[in-house]
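need coordinates for the below:
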Amino acid sequence: MGILSSLCKNLRTSSIKTHSNSALSLLRRMSNVPENTVYGGPKPQNHTQRVTLTHLRQKHKKGEPITMVTAYDYPSAVHLDTAGIDICLVGDSAAMVVHGHDTTLPITVDEMLVHCRAVARGATRPLLVGDLPFGSYESSTHQAVDTAVRVLKEGGMDAIKLEGGAPSRITAAKAIVEAGIAVMGHVGLTPQAISVLGGFRPQGRNVDSAVKVVETSMALQEAGCFAVVLECVPPPVAAAATSVLQIPTIGIGAGPFCSGQVLVYHDLLGMLQHPHHAKVTPKFCKQYAHVGDVINKALMEYSDEVKNGSFPGSAHSPYKISASDIDGFMHALQKMGLGDAAFAAADAAQKIEPTK
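Now for the predicted structure:
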């Protein structure tokens, strides 16, 4: 009896340890931070790891240019990942280049979160930054923090970006940073403010406006932003802002004197040739490819081959049925009174045979 009791006790102890180890393993797998980072202490950066703010600060300190491109879905995120882009911005520009709107204003938080989640699944290396869309952070610091939290928790982003330099925006940026969320600022042409700007108009083209760009950039730095986007400002203004700041500036239509550059994915690839997109493609964007032309050509070839019956041929009809099963299938159809269907099956079997 004593031996049996001891054996049962050992089995229970072993079971508890196994269950405990299993639970611990599960908890570790539930973390969104790599286990070797959580349990192994800090590791040196390399090109295969996620870009962090520390990595960006190191690049900035060394004077190495920072690359940033927008992405809105899984395929574009994978392309950015493969290309080694430093920062992937899930921009509210999705409203225009994905949803077809004339401005960035209509896109909602829920729509942005869909884009964020798709990008987070595809990009394993770049720092992921999600835009706070218009109407999601202006009312109060509470609203701003709540939206920023959603972008990280529900969208899988590493940081957020917000536009503008009004006192309320500076306060919002500071509150979000104090909530433990990294913030990228955005000054110059701020597309969400086109109502007061009178359209997509460059900024910093006179003394007052140029000074405002620099002052706003400094205020965002003081609020705790880790970087500032400078959009559509003259190069000397961008150079002045870059010189005075201790954080990186990311230029878009701001000349070559910023700490880094950003372009919209669809714009730099020449993705869309539709007149609607052509009228909003900015002057400052260099097209590194004409992907839209390649897509259009492929779609027209596909359409032509479907119409003339050359696609799909035998090579693209890979799922076969044996001759004996074809005979059985035809007999079954005939028994059902479906003679025409049996004839169609026999005819198709004969035609789909690869040419010898």
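
low-confidence ranges in this structure?
1-48, 193-200, 273-281, 354-356 (pLDDT under 70).

name the nearest residue to residue 224, sequence neighbours excluded.
residue 177 (3.5 Å; C-beta to C-beta, 6 or more residues apart in numbering). Yep, even glycine has a C-beta here, placed from its N, CA and C like the rest.

what kind of secondary structure is residue 255 in?
The local conformation at residue 255, judged by DSSP: H, G, I helix; E, B strand; the rest coil, is coil.

test my guess that it contacts residue 234.
Yes. Contact criterion C-beta atoms under 8 Å: residue 255 and residue 234 qualify, at 7.1 Å.

which strand runs longest in this protein?
Taking DSSP state E as the criterion, the chain has its longest strand at strand 182-188.

rewinding a little: is it true that the residue nearest to residue 224 touches residue 225?
Yes. Between residue 177 and residue 225 there is a contact at 7.3 Å, judged by C-beta under 8 Å.

okay, the helix or strand the residue nearest to residue 224 falls within in PDB with CA atoms only?
Taking DSSP states H and E as the definition, one finds residue 177 inside helix 167-178. Output of helix 167-178 as PDB, limited to C-alpha atoms (Å, rounded to 0.1, in the frame of the first residue of the first chain):
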ATOM      1  CA  PRO A 167      -1.400  73.800 -28.800                       C
ATOM      2  CA  SER A 168      -4.100  71.100 -28.500                       C
ATOM      3  CA  ARG A 169      -2.100  68.800 -30.800                       C
ATOM      4  CA  ILE A 170       1.100  69.400 -28.800                       C
ATOM      5  CA  THR A 171      -0.900  68.600 -25.700                       C
ATOM      6  CA  ALA A 172      -2.300  65.400 -27.300                       C
ATOM      7  CA  ALA A 173       1.200  64.300 -28.400                       C
ATOM      8  CA  LYS A 174       2.500  64.900 -24.800                       C
ATOM      9  CA  ALA A 175      -0.400  62.900 -23.300                       C
ATOM     10  CA  ILE A 176       0.100  60.000 -25.600                       C
ATOM     11  CA  VAL A 177       3.800  59.900 -24.900                       C
ATOM     12  CA  GLU A 178       3.100  60.000 -21.200                       C
END
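
the inter-axis angle of that helix versus strand 182-188?
Angle, helix 167-178 to strand 182-188, by axes from the mean of the first three to the mean of the last three C-alpha atoms, to 10 degrees: 160 degrees.

tell me what helix 167-178 is packed against?
Helices and strands touching helix 167-178, by 3 or more C-beta pairs under 8 Å, 6 or more residues apart in numbering; DSSP states H and E, are helix 141-153, strand 182-188, helix 207-223.

and the ones you listed: which comes nearest residue 164?
Nearest of those to residue 164, taken as C-beta to C-beta: strand 182-188 at 7.2 Å.

each with direction, which strands does that closest one pair with?
As defined by DSSP bridges, the strand partners of strand 182-188 come to strand 159-161 (parallel), strand 227-231 (parallel).

most packed of the ones you listed?
strand 227-231 (a mean of 29; mean count of other C-beta atoms under 10 Å).

got a list of contacts for it?
Strand 227-231 has contacts (C-beta atoms under 8 Å, 6 or more residues apart in numbering) with 56, 66, 161, 184-191, 203, 213, 217, 220-221, 237-238, 241-242, 245, 247-254, 258-260, 262.

what count of nearby residues applies to residue 345?
Number of residues near residue 345 (other C-beta atoms under 10 Å) recorded here: 16.

show the contacting residues for it.
326, 329-330, 333.

tell me the spacing between it and residue 306.
Separation of residue 345 from residue 306 (C-beta to C-beta, to the nearest Å) stands at 22 Å.

leaving aside the residues next to it on the chain, what's closest to residue 174?
Per C-beta to C-beta, 6+ apart, closest to residue 174 is residue 223, 4.1 Å.

neighbours around the nearest residue to residue 138 once chain neighbours are set aside, how many?
Leaving aside its sequence neighbours, residue 138 sits nearest to residue 168 (C-beta to C-beta, 6+ apart; 6.9 Å). Residue 168 has 15 neighbouring residues, counting by other C-beta under 10 Å.
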